[in-house]
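K.L.:
I'd like to go over a predicted model; first the sequence, then the structure.
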Amino acid sequence: MVANGRTAVLGRLAVLAAALIWGASFVGMKELTAVMPVQYVLAIRFTLSAAVMSLALLPRLKRLTRSTVWRGLCIGAFLYAAYAFQTYGVSLTTPGKNAFLTAIYCVLVPFLYWLVDRVRPDRFNLIAAVAAVIGIGMVSLDGDLSLGLGDGLTLVGGVFFAAHMVAIAKLSRGRDALLITLFQFVGTAVCAWVGALLFEEAPPLAVFTPEIVGVMAYLVLCATCLTLTFQTYGQQHTPPSAAAILLSLESVFGVIVSVIAGERPSPIVYGGFAVIFLAVLISETKLSFLRRKRR
């Protein structure tokens, strides 16, 4: 029982770590898509990530099975679709709106998981999901409610992120989280190279300045290898609806990073922080502490 409790805590901490790192990555993606076609950004990012993971996992590859390969590739296909729409979206909108509209997965995950695994969300899951989206809107939009093409593409990306989370919950269960993560990267990279070679022109070598290489290195090592390993491991020990709420904290972490860099958010942003933390509290405790007080 203690081990189960400890594992549950570690799973949630892993999901939180993923949210923290992703919170600092939206601006970097905006920089890359300003100088490089989207499909090439994804192809290079996930090819390098797969290479790094392969080197790190050489001893584990002896335990590789066909089941792990196809499961990872399927999850990678969802991840590719999610990132493709999100990355096209961020190239046509602001990082804040991109972060908010991506967070539609908070509401969708409980329903998709119900459809796939017949696990019905409770009222606390639904209340927490709606509260999280409201809070993220307060944090990310700060009064800008207009919608354009980039915002629509981002919304579609949010739907695929929800599908990706459900795919992880369903297909990675009982599997090696690191090997599943590796083949997520392989699946995403293959899809991205097909899209890049068919529909986009290769970027010139002059694009790869030290600054761009540094941004790509951060995305590969931190915002891909670490985060998706954390997410895959964390979701193996965290219900999908709870994981979605915890991942919604990436918008909070993103604003915190911008504050450290010198930005000064408006009071409504801090109100959004409070609403998101309320959503996490509802999701994690089901407000059981209030019921105890009534007794």
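P.N.:
Thanks, I have the structure now.
K.L.:
what about residue 53, helix or strand, and which?
P.N.:
helix 38-56 (DSSP states H and E).
K.L.:
could you check the angle whatever helix or strand comes next after that helix makes with helix 38-56?
P.N.:
Going down the chain from helix 38-56, the next helix or strand is helix 66-90, by DSSP H and E. Here helix 66-90 runs at an angle of 140 degrees relative to helix 38-56 (axes from the mean of the first three to the mean of the last three Cα atoms, to 10 degrees).
K.L.:
any idea of the mean pLDDT for helix 66-90?
P.N.:
For helix 66-90, mean pLDDT is 91.
K.L.:
could you pull out the buried residues of that helix?
P.N.:
Within helix 66-90, the residues that qualify as buried are 68-69, 71-90, counting by 16 or more other Cβ atoms under 10 Å. The C-beta positions use only the backbone N, C-alpha and C, and glycine is treated the same way.
K.L.:
list the helices and strands that helix packs on?
P.N.:
When contacts are defined as 3 or more Cβ pairs under 8 Å, 6 or more residues apart in numbering; DSSP states H and E, helix 66-90 sits against helix 26-35, helix 38-56, helix 95-102, helix 149-171, helix 177-199.
K.L.:
distance between the ends of stretch 56-74?
P.N.:
End-to-end distance for stretch 56-74, by Cα to Cα, to the nearest Å: 22 Å.
K.L.:
what does that stretch contact?
P.N.:
Residues outside stretch 56-74 that contact it (Cβ atoms under 8 Å, 6 or more residues apart in numbering) are 54, 167, 171-172, 175-176, 178-184, 186-187, 190.
K.L.:
the same query, at a cut-off of 6 Å, please.
P.N.:
Stretch 56-74 is contacted from outside by 171, 175, 178-180, 182-184, 187, using Cβ atoms under 6 Å, 6 or more residues apart in numbering.
K.L.:
top of those by neighbour count?
P.N.:
Among the contacts of stretch 56-74, the one with the most neighbours (other Cβ atoms under 10 Å) is residue 184, at 34 neighbours.
K.L.:
if I look at the closest residue to it other than its chain neighbours, how far off is residue 130?
P.N.:
Here the nearest residue to residue 184 in space, its sequence neighbours aside, is residue 76; by Cβ to Cβ, 6 or more residues apart in numbering that works out to 4.2 Å. Per Cβ to Cβ, to the nearest Å, residue 76 is found 30 Å from residue 130.
K.L.:
same deal with residue 159?
P.N.:
Counting by Cβ to Cβ, the separation of residue 159 from residue 130 is 17 Å.
K.L.:
between the two, which one's more packed in?
P.N.:
Set side by side, residue 159 and residue 130 show more neighbours around residue 159, with 17 against 13, by other Cβ under 10 Å.
K.L.:
distance check, the more buried one against residue 193.
P.N.:
To residue 193, residue 159 is 24 Å away according to Cβ to Cβ.
K.L.:
ok, now residue 284?
P.N.:
Going from residue 284 to residue 193 by Cβ to Cβ gives 40 Å.
K.L.:
then residue 238?
P.N.:
With distances taken as Cβ to Cβ, residue 238 is found 32 Å from residue 193.
K.L.:
what does residue 53 give?
P.N.:
Residue 53 sits at a distance of 17 Å from residue 193 (criterion: Cβ to Cβ).
K.L.:
do residue 212 as well
P.N.:
For residue 212, the distance to residue 193 - Cβ to Cβ - is 19 Å.
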